[in-house]
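S.K.: sequence and predicted structure are below.
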Amino acid sequence: MGSISLKNVKKEFSGHAVIPNLDLEIGDGEFVVFVGPSGCGKSTLLRLIAGLEDVSGGTISIDGVDVTGEAPAKRGLSMVFQSYALYPHMSVRGNIAFPLKMAGMDKETIKRKVEDAAQVLNLTDYLDRKPRQLSGGQRQRVAIGRAIVREPKAFLFDEPLSNLDAALRVNMRLEISELHQQLRTTMIYVTHDQVEAMTMADRIVVLNGGRIEQVGSPLELYRNPANLFVAGFIGSPRMNLIDGAPAKEHGAATVGIRPEHINLSPDSGEWKGTVGIAEHLGSDTFIYIRAEGIGQLTARANGEIGLKHGDTIYLTPDAGKLHRFSEEGAAL
Amino acid sequence: MSPAVILLLVWMLVPLGMTLYFSFLRYNLLMPGMEEWTGFFNYRYFLTDPAFGEALTNTLLLVGGVLLISVGGGLFLALLLDQPFFGQSIVRLLVVAPFFVMPTVSALVWKNMLMHPVNGLFAWIARTFGLQPIDWLASAPLLSIIFIVAWGWLPFATLILLTALQSLDEEQREAAEMDGAGVFSRLIYIVIPHLARAITVVILIETIFLLSVFAEILVTTSGGPGNASTNITYLIYTQALLQFDVGGASAGGIIAVILANIVAIFLIRMIGKNLEA
């Protein structure tokens, strides 16, 4: 229960098309991540699905039922907002109970459901606190609690982790993934962080300028990016994109090679360069190299490599992992 | 103590001390030089005056009525003005305008141009529908004054509530919408709790000023007919400047101070917790 399908969806804000024309099918129980740079229309798309914005054209259906004109509450979806949007004057219990109270459920059922949700999210000890007395992670869990008690057809997450610090973000990422394993409900998750997209998604939808650039599983996007945009967006550190003469040798307008697919050698190789900065992370080392006739390149090497600023080094791209792109940016 | 505190103390304590002192004297302006100590006679006189009970009731009705109209109406207007519509800024400016009209002027306008039984707009409207015009200030003097004062304070409440409304997080509103709350539920569960602090501020500030409404009464009804529109402030004025009884008026002033404090204590206990944290 919870397949969502978008057909020819358009959205304009005062004549300016934010989403020109978009088709997308989301299967039941899938964890789909919308990812893209800021302003790419991913949040707008989520709000269109939620019903918080009206479409300018096209249809949205949930479980085969056309809900394009339905009010948000009638669509049976829950949303977790970036700012959590907790009700500050209500206790945690009041916040989680609010959607049930609005649905007109009796007190006993509400109490039971709220306590079940609190159990799942480790909030039992905090039920009588106000949101302002909670930490960021706890607030996040309350927001999720408020979303799950309604037993929606699908969850919508609008950049839910962007207000948390890095360590907490990793934790919450795991918790949300675990929640998805437990509930098996469709989840749509919007983020600008490709690491979140890669780690959580069953399927990633890469958006740019209101258009879908590519849809696929994280590894598909990593292995076979359909175009330059996806190639540059997915993967960390970014793929090295090289154009001009070195790309011509490989028969493409642009070639791309991920930092982890460059072999380094002190005495021979395809390209010659000098080491700029080496970032030692312990497990890995990211080396920023100024290559002759190419420009800046990033390479990833094992953590113990002993390179330092100014060393001369030779680079050879792993031929099987080289991505070739045409003049228009499409993969060859 | 810093000079500022001393200045403030002198500023407050000297008039208060003098009023207290006068309240224990038989001090009538028509008999200069005859002041003598009378103990609590002035207090007994003021409290047993039949006009006092009526004035007290009128004061409370006036404060309560104006608060009801200005907070209720202010909330309604603030919700309206918060919607996007054409000419928003000019309408907002117009709504705020009554606050800048001084009480005497607004009372005169209401008395002579709106509520006048012959020339007033309300009388004209009544006659247009073939009804008998009402002589507002004669037949419902206190209610009329409540309207006049409320008209002046409505913009204040509207303005404060409008700014508070604009600080409501848009995502909270949307979350409530997703949670299935309709327009009315959103108002009750989200908007009004969010406005609680602003409403508290409006009530506290207005109460302070409404306990001492004077100009509107002087200009329109002069407290009449009888004592039907006399409040404590106006009663003290009559005592001091129409009957020249400075001693009795001072006693009335002290009683008014005590009453204001009682009201303040009640208000703070009832709604003051909204101001915490």
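M.R.: Alright, I've got the coordinates. Just so we're clear, the structure is a prediction, and the values are computed from it rather than from any experiment.
S.K.: mind listing the strands for the stretch 101-250 of chain A?
M.R.: A:154-158, A:186-191, A:203-208, A:211-216, A:240-243 (DSSP state E, counting those that start in this stretch).
S.K.: so which of the ones you listed gets nearest chain B?
M.R.: Judged by CB to the nearest CB, the one of the strands of the stretch 101-250 of chain A that comes nearest to chain B is strand A:154-158, at 8.6 Å. From N, CA and C alone the C-beta is placed, and that goes for glycine too.
S.K.: any idea how far the residue lying closest to residue B:121 once chain neighbours are set aside is from chain A?
M.R.: In space, and not counting its chain neighbours, residue B:121 is closest to residue B:114: 5.0 Å by CB to CB, 6 or more residues apart in numbering or on different chains. For residue B:114, the distance to chain A equals 41 Å [CB to the nearest CB, to the nearest Å].
S.K.: check residue B:114 and give its pLDDT.
M.R.: We have a pLDDT of 90 for residue B:114.
S.K.: where's stretch A:130-149 relative to the chain centroid, distance-wise?
M.R.: 21 Å (CA atoms, centre = their mean, to the nearest Å).
S.K.: about what we covered before: could you dump the strands of the stretch 101-250 of chain A into TSV with mean neighbour count and mean pLDDT added?
M.R.: TSV is the format used below for the strands of the stretch 101-250 of chain A (neighbours: other CB atoms under 10 Å in any protein chain shown; pLDDT from 0 to 100):
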stretch	mean neighbour count	mean pLDDT
strand A:154-158	25	91
strand A:186-191	25	92
strand A:203-208	24	92
strand A:211-216	19	91
strand A:240-243	20	88
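S.K.: how many neighbours does the residue nearest to residue A:251 when sequence neighbours are not counted have?
M.R.: Nearest residue to residue A:251, sequence neighbours excluded (CB to CB, 6+ apart): residue A:324, at 6.8 Å. Neighbour count for residue A:324, taken as other CB atoms under 10 Å in any protein chain shown: 14.
S.K.: would you say residue A:324 is within a strand?
M.R.: Yes. Assessed by DSSP: H, G, I helix; E, B strand; the rest coil, residue A:324 belongs to a strand.
S.K.: surely it meets residue A:248?
M.R.: No. Checked against CB atoms under 8 Å, the pair residue A:324 and residue A:248 is beyond contact range at 10.9 Å.
S.K.: for chain A, give the helix that spans the most residues.
M.R.: In chain A, with assignment by DSSP state H, the single longest helix is helix A:166-183.
S.K.: now residue B:24: how far from chain A?
M.R.: Applying CB to the nearest CB to residue B:24 and chain A gives a distance of 50 Å.
S.K.: which residues touch that residue?
M.R.: B:37, B:38, B:39, B:40, B:42, B:247 (CB atoms under 8 Å, 6 or more residues apart in numbering or on different chains).
S.K.: retrieve the pLDDT associated with the first one.
M.R.: Just to be clear, that refers to residue B:37. 88.
S.K.: run a quick neighbour tally on residue B:196.
M.R.: 15.
S.K.: how about residue A:116?
M.R.: 13.
S.K.: before we move on, back to that, buried residues, the longest helix of chain A. List them.
M.R.: Residues A:169, A:172, A:173, A:175, A:176, A:179, A:180 are the ones in helix A:166-183 that count as buried (16 or more other CB atoms under 10 Å in any protein chain shown).
S.K.: and stretch A:85-101, by the same measure?
M.R.: Result for stretch A:85-101 [16+ other CB under 10 Å]: buried residues A:85-87, A:89-101.
S.K.: count of residues packed around the closest residue to chain A within the stretch 1-150 of chain B?
M.R.: Closest contact between the stretch 1-150 of chain B and chain A, by CB to the nearest CB, is at residue B:84 (12.8 Å). If you count neighbours by other CB under 10 Å, residue B:84 ends up with 5.
S.K.: per-residue pLDDT, residue 43?
M.R.: I'll assume chain A. Among the per-residue scores, residue A:43 shows a pLDDT of 89.
S.K.: that was the other one, I meant chain B.
M.R.: 90.
S.K.: spell out which parts of chain A neighbour chain B.
M.R.: Proximity of chain A to chain B (CB under 8 Å from any CB of the partner chain) is limited to residues A:50, A:52, A:71-73, A:77-79, A:81-83, A:85-90, A:98-99, A:102-103, A:132, A:146, A:150.
S.K.: contact partners for the residue lying closest to residue A:30 once chain neighbours are set aside?
M.R.: Excluding the flanking residues, the one nearest residue A:30 by CB to CB, 6+ apart is residue A:202, at 5.1 Å. Residues near residue A:202 by CB under 8 Å, 6+ apart: A:30, A:31, A:32, A:217.
S.K.: right, and the first one touches residue A:186 too?
M.R.: Yes. Using CB under 8 Å, residue A:30 and residue A:186 qualify as a contacting pair, with a distance of 5.7 Å.
S.K.: phi first, then psi, for the spatially closest residue to residue B:210 that is not a sequence neighbour.
M.R.: The shortest distance from residue B:210 to any non-neighbouring residue, by CB to CB, 6+ apart, is to residue B:63 (4.5 Å). The phi and psi values for residue B:63, taken as degrees, to the nearest 10, are phi -60, psi -50.
S.K.: residue B:63 and residue B:234, how far apart?
M.R.: Applying CB to CB, to the nearest Å, the value for residue B:63 to residue B:234 is 14 Å.
S.K.: one more: residue B:150?
M.R.: 18 Å.
S.K.: for the helix or strand residue B:22 falls within, buried residues please.
M.R.: Residue B:22 belongs to helix B:3-23 when assigned by DSSP states H and E. Within helix B:3-23, the residues that count as buried by 16+ other CB under 10 Å are B:19, B:22, B:23.
S.K.: redo the contacts of residue B:24 as CSV? Include distance to chain A and neighbour count.
M.R.: Formatted as CSV, these follow (distance: CB to the nearest CB, whole Å; neighbours: other CB atoms under 10 Å in any protein chain shown):
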residue, distance to chain A, neighbour count
B:37, 56, 8
B:38, 54, 17
B:39, 52, 10
B:40, 48, 11
B:42, 48, 26
B:247, 51, 25
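S.K.: let me know the outermost residue of the chain.
M.R.: No chain was given, so I picked chain A. Relative to the centre of chain A, the most outlying C-alpha is that of residue A:267, 40.6 Å out, by CA atoms, centre = their mean.
S.K.: hmm, I had chain B in mind actually
M.R.: Outermost in chain B, CA atoms, centre = their mean: residue B:178 at 40.8 Å.
S.K.: wait, that one sits on residue A:47?
M.R.: No. Taking contacts as CB under 8 Å, residue B:178 lies outside contact range of residue A:47: 10.4 Å.
S.K.: buried sites along stretch A:117-124?
M.R.: Per 16+ other CB under 10 Å, stretch A:117-124 contains these buried residues: A:117, A:118, A:120, A:121, A:123.
S.K.: farthest-separated two in those residues?
M.R.: In the buried residues of stretch A:117-124, two members sit farther apart than any others by CB to CB. They are A:120 and A:123, at 8.6 Å.
S.K.: mind listing the shared neighbours of the two?
M.R.: residue A:145.
S.K.: against residue A:35, how distant is residue B:272?
M.R.: 49 Å.
S.K.: in the stretch 1-150 of chain A, which spans are helices?
M.R.: A:42-50, A:92-102, A:107-120, A:136-148 (DSSP state H, counting those that start in this stretch).
S.K.: hmm, I was thinking of the stretch 51-200 of chain B
M.R.: Applying DSSP H, counting those that start in this stretch to the stretch 51-200 of chain B gives helices spanning B:88-96, B:103-109, B:121-128, B:136-139, B:141-166, B:170-178, B:183-186, B:192-210.
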